[in-house]
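>>> no FASTA, just this:
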């Protein structure tokens, strides 16, 4: 933009209403907080997207209320001003930064106009892992509805199901197809005899890898020849393995492309899964196991492939350190929290790459019921090792760490002595050994069970647990019952009294839910149980309004009709 164009634009923006969400004026006479500037970058970028603008603007040297030009000495050195582009990019989604930083030397004083790009279609912009927005003149977290509004702008077409027009079956690896047939029969033993009679085209359609004989992006990723990767360009189909020493210095690396069905085994073979020994009590002979459970490694790696956001054109990375594996893949974590994955007993409702996920289920790579992550946690728990670390701070990347050593011997001893611990208890104890913050409810529960000592934040796992029967009974009473137990109570109540209000169901269940849950979490759990009974089990039905539900047995209602 020319100086004349910028001056005209500045005059135009100064005349706009004060509550314009994609525009902000600041005096910034001498300095301005860098972190606050980053938050405004995120907010103005997101608001520009939501308001259909190409750019957001942050203007220094102008009063916010009356829009009077007062001038600014902020980063008077041009080189220092230009360095802001790089500084901002280091903490934003996809390293997005200012389009340009315009400097105007006006009669009234110096004005800086920061030209901020609108958030790309489907990708809200975060600052240091957090999304910001505007509510009139205030800046704060971008609300969930606005985040989803931006994310849903991205086409609902499944990227992984798109046809590679120029690709043919000759672009697929013959050995990968043979392995696919073998895995398909392992997954579908009843179809094993029939599948042997299918030609490759029929088999690939049946296995949900191709569509009517046409080669999909999924087919290229899982079964394509190494040189076929260009068919999915500019997206990338790569897994990079990197070996680092204790000083984080790179010692070795290798890249793996299609066919992933075969090459995931080659990645696995790169990992130095050494023997690990630890002593249990009352024995002089150490327990010997491998550092990593093969199932856990494959599950994380297959999840990276299935849930990678290939439109972001990044690679899947596996960094191997002496006692830890770190996996990263592009794309947000759709369930949002690990707690949600652990708690739910149903498949994920939405998959980023639904076609790819279905194909991987068909080829025995992932589980269709969505229990893989929970099974990983249980595997680590059974090995008495630290649980998987999920780092979800970056909204466009998932990072998973698998520890190959014992961190706290007290944690391991507790699990060895108390095999009746449920997963939620172990997750809370795992937080303690990793020095991660506990919720108030978790801390209260562990204290009551005498599993932790010390004062917040200096809490540690106890060296031993009293073996008194009372302690074990107390633990069981405070542990969550199986959901079927709560469902039966509801069914029995409605059978006896013909119907039940939400208030009556709350009264029935609240004192039976574990103390590890706070009041809000208990009410949420009851809501989830009722929803599953109504929508999935179809055992009950709401005959009242949504705001004041009245639950009845579905079969009884049908009989009366």
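Received, thanks. This is a predicted model, so every value here is computed, not measured. Residues are numbered from 1 along each chain as shown.
>>> What is the neighbour count of residue 447?
Residue 447 is flanked by 15 other residues according to other C-beta atoms under 10 Å. The C-beta positions use only the backbone N, C-alpha and C, and glycine is treated the same way.
>>> So which elements touch the host helix or strand of it?
Remark: residue 447 resides in helix 440-448, with elements defined by DSSP states H and E. For helix 440-448, the elements it packs on are helix 423-433, helix 469-478, judged by 3 or more C-beta pairs under 8 Å, 6 or more residues apart in numbering; DSSP states H and E.
>>> List the buried residues in it.
For helix 440-448, burial by neighbour count (16 or more other C-beta atoms under 10 Å) applies to 441-443, 445-446.
>>> And for stretch 152-163?
Under the neighbour-count criterion of 16+ other C-beta under 10 Å, stretch 152-163 has 153, 158-161 buried.
>>> Same check on stretch 200-207?
Going by 16+ other C-beta under 10 Å, stretch 200-207 has these buried residues: 200, 203-204, 206-207.
>>> In helices, which of these appear?
Counted as lying in helices by DSSP state H, out of the buried residues of stretch 200-207, are 200, 203-204, 206.
>>> Sketch out the strands for the stretch 201-350 of the chain, chain order is fine.
For the stretch 201-350 of the chain, applying DSSP state E, counting those that start in this stretch gives strands covering 239-244, 250-256, 275-278, 287-290, 316-320, 324-330.
>>> where's the dip in pLDDT among the buried residues of stretch 152-163?
Going through these one by one, the lowest pLDDT turns up at residue 153, 71.
>>> before we move on, the earlier item: closest one of the ones in helices among the buried residues of stretch 200-207 to residue 124?
Nearest to residue 124 among these, counting by C-beta to C-beta, is residue 204 at 37.0 Å.
>>> Quick check: closest non-adjacent residue to that closest one.
Closest residue to residue 204 apart from its sequence neighbours, by C-beta to C-beta, 6 or more residues apart in numbering: residue 210 at 4.2 Å.
>>> coming back round to it: dump the ones in helices among the buried residues of stretch 200-207 into a markdown table; add distance to residue 506 as well.
Compiled in a markdown table, these are given as follows (distance: C-beta to C-beta, whole Å):
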| residue | distance to residue 506 |
| --- | --- |
| 200 | 58 |
| 203 | 53 |
| 204 | 52 |
| 206 | 49 |
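>>> Tell me the one of the residues you listed nearest residue 231?
Of all these, residue 204 has the smallest distance to residue 231: 15.3 Å, by C-beta to C-beta.
>>> for that closest one, what are its contacts?
169, 172, 177, 180, 210, 213, 219, 223 (C-beta atoms under 8 Å, 6 or more residues apart in numbering).
>>> What about the fifth one, how many residues nearby?
Think residue 210. There are 24 residues near residue 210, going by other C-beta under 10 Å.
>>> relative to helix 423-433, how tilted is the helix holding residue 447?
90 degrees (axes from the mean of the first three to the mean of the last three C-alpha atoms, to 10 degrees).
>>> who does the very next helix or strand once past helix 440-448 pair up with?
On the C-terminal side of helix 440-448, the nearest following helix or strand under DSSP H and E is strand 452-455. Based on DSSP bridges, the strands next to strand 452-455 in the sheet, each with its direction, are strand 458-461 (antiparallel).
>>> which parts of the partner strand are buried?
Of the residues in strand 458-461, those with enough neighbours to count as buried (16+ other C-beta under 10 Å) are 459, 461.
>>> and that strand, what's its mean pLDDT?
Here strand 458-461 scores 79 as its mean pLDDT.
>>> among the helices and strands of this protein, which has the poorest mean pLDDT?
Of all helical and strand segments in the chain, the minimum by mean pLDDT, DSSP states H and E falls on helix 469-478, at a mean of 48.
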